[in-house]
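In: Pasting the sequence and the predicted coordinates here, then a few questions.
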Amino acid sequence: MEERWSNEHVLSLAPDQASLKAAGKLSAPAPWTDAGWGGGALWGACKGSGKTPYFPCVDLSGPAYRCTCPSRKFPCKHVLGLLLLWSAGSPAVAEGAEQPEWVAEWLAKRRDAAEQKAVRQQERRESAKDDAAAARRAGQRAARVAAGARELRLRLADGVRHGLADHASGGWEEVAARMVDAQAPGLAARARELAHTPQDGLLEEYALLHLLAGAYGRVDELPAPLAATVRTRIGFSTGADEVLAGPTVRDRWHVLGSRDTADDRLTTRRIWLRGAKTGRPALLLSFGSPGKAPEVALPTGRVLEADMAYHPGARPLRAVLGTRYGEPEAAPPGPPAGVSPAEAVAGYGEAVADDPWLDAWPAVLGAVVPVLGPEGWQLTDGRSAVPVRHGSAPEQALWRLAAVSAGHPVTLFGEYGHAGFAPVTAWSADGRAIGLGQ
């Protein structure tokens, strides 16, 4: 059994003198019935001015109080009177009595609330530990990446110092492995590509890779969009949930084309869209295990109303599909609006000004004719032309494009970059979308 509280302890709980005076009148056995204490609680029934008595109760472990009276004072006079009666050792309060059901229910609710509070506090403590651990891991990775970037810059500088003629002996596979150890997969991929870069393109690739490694060295000083681009190029990723938690763009998105590529590890699907109202391009990436198609599938030539959230960057393109507002529906008759080859080149130039490591930018070419010349396929509108990027589409797909054109202008979607135009979708004279996939 709990120890009885002293009279002084009880009096110290009174919210004011008026409550003390009123409680004094209730500290005698006369108004009380069914009073008892046990199991950490004190309870009773106090006769009032009405027919129904008031039922005060005290959780002695809290302490905590409750009473059925309408008083806004806490504790009320009935609770104080019961406590005074109990502290005086009055036989009117039965010691070790069995708790009434209403007392047991109140105590059970309090225990449940206390347990839930303890669970929440523990979860917060564990979350704080997880956050601290995540911050520690992020700091460790940042330090490793920074060290890897510094090492890569030295290797690139040595390569230039010794002459690009010795490039083949540069050990770039070993350098790529070092970047993997530094948790910089983006740097590793670019370093690995150097081993297969033609001699006439080496200096450009050296410069871009040196620029990227140097940019990470001062990434905290860069504007936020450019810093995000650098981190992405280095190999830091942003989860879809985190992207969707940011701002979204609602539009009617025209599906311009899609393409699947596969290797030994996974199948990658790229879906390009363009907002009808905003004109913004968007690229959706989805992945599947070898031999299995990715889950995201949007038919080319259809229109989808949806929210789109973009990954952070200086030139946002990759996006995550958010809330849909219906199933894909037919696009308006005819091909999408396009630009001239000269405008596509200018558009890529503007994009590269924001992101120097950008290989290509989506573009819809309007009214171009595919022409096969001595140096390969060209796309021309009669005033300007762009070359078709070597290997961007199978030869039979380019002849199919020529057949669709039949010497007449067609609308063509693809990506234009420094290596030329990579065609993805063509629109025939009757407005049908024809994929030119690999």
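Out: Ah, there it is.
In: Quick check: which element contains Leu20?
Out: helix 17-25 (DSSP states H and E).
In: List the buried residues of the next helix or strand after that helix.
Out: Using DSSP H and E, the helix or strand that follows helix 17-25 towards the C-terminus is strand 32-38. Residues of strand 32-38 classed as buried by neighbour count (16 or more other C-beta atoms under 10 Å): 32, 35-38. Every C-beta, even on glycine, is put in place using the N, C-alpha and C of the backbone.
In: any idea how far stretch 73-88 is from the chain center?
Out: Averaging C-alpha positions (C-alpha atoms, centre = their mean, to the nearest Å) puts stretch 73-88 55 Å from its chain's average.
In: pLDDT value on Asp166, please?
Out: Looking at Asp166, its pLDDT reads 67.
In: oh, I was asking about Arg259
Out: Reported pLDDT for Arg259: 91.
In: ok, now Glu2?
Out: pLDDT, read off for Glu2, is 65.
In: any idea how far the residue minimising distance to the centre of the chain is from Gly334?
Out: Centroid check for the chain by C-alpha atoms, centre = their mean gives Glu242 as the closest residue, at 1.1 Å. For Glu242, the distance to Gly334 (C-beta to C-beta, to the nearest Å) stands at 39 Å.
In: go on, Ala213?
Out: Counting by C-beta to C-beta, the gap from Ala213 to Gly334 is 47 Å.
In: if you count what's nearby, which of the two comes out ahead?
Out: Counted by other C-beta atoms under 10 Å, Ala213 and Gly334 do not tie: Ala213 has more neighbours, with 27 against 10.
In: Which elements pack onto the helix holding Leu20?
Out: Applying 3 or more C-beta pairs under 8 Å, 6 or more residues apart in numbering; DSSP states H and E, we find helix 17-25 packed against helix 77-87.
In: what's the helix it packs on in contact with?
Out: Contact with helix 77-87 is made by 4-7, 9-10, 13-14, 19-20, 22-29, 31-32, 35, 37, 42-44, 46, 54, 56-58, 65, 67, 69, 71, 75, 92-93, as judged by C-beta atoms under 8 Å, 6 or more residues apart in numbering.
In: The very next helix or strand once past it packs against which elements?
Out: Next helix or strand after helix 77-87 toward the C-terminus (DSSP H and E): strand 94-95. Of the remaining helices and strands, those touching strand 94-95 by 3+ C-beta pairs under 8 Å, 6+ apart are strand 32-38.
In: The strand it packs on pairs with which strands?
Out: strand 41-46 (antiparallel), strand 94-95 (parallel) (DSSP bridges).
In: Specify the angle between the longest one and helix 77-87 in degrees.
Out: The directions of strand 41-46 and helix 77-87 differ by 120 degrees, with axes from the mean of the first three to the mean of the last three C-alpha atoms, to 10 degrees as the criterion.
In: OK, contacts around Arg270?
Out: Arg270 is in contact with 258-261, 283-285, counting by C-beta under 8 Å, 6+ apart.
In: Which phi and psi values does it adopt?
Out: Main-chain dihedrals, Arg270, degrees, to the nearest 10: phi -110, psi 130.
In: how far away is it from Glu101?
Out: 66 Å.
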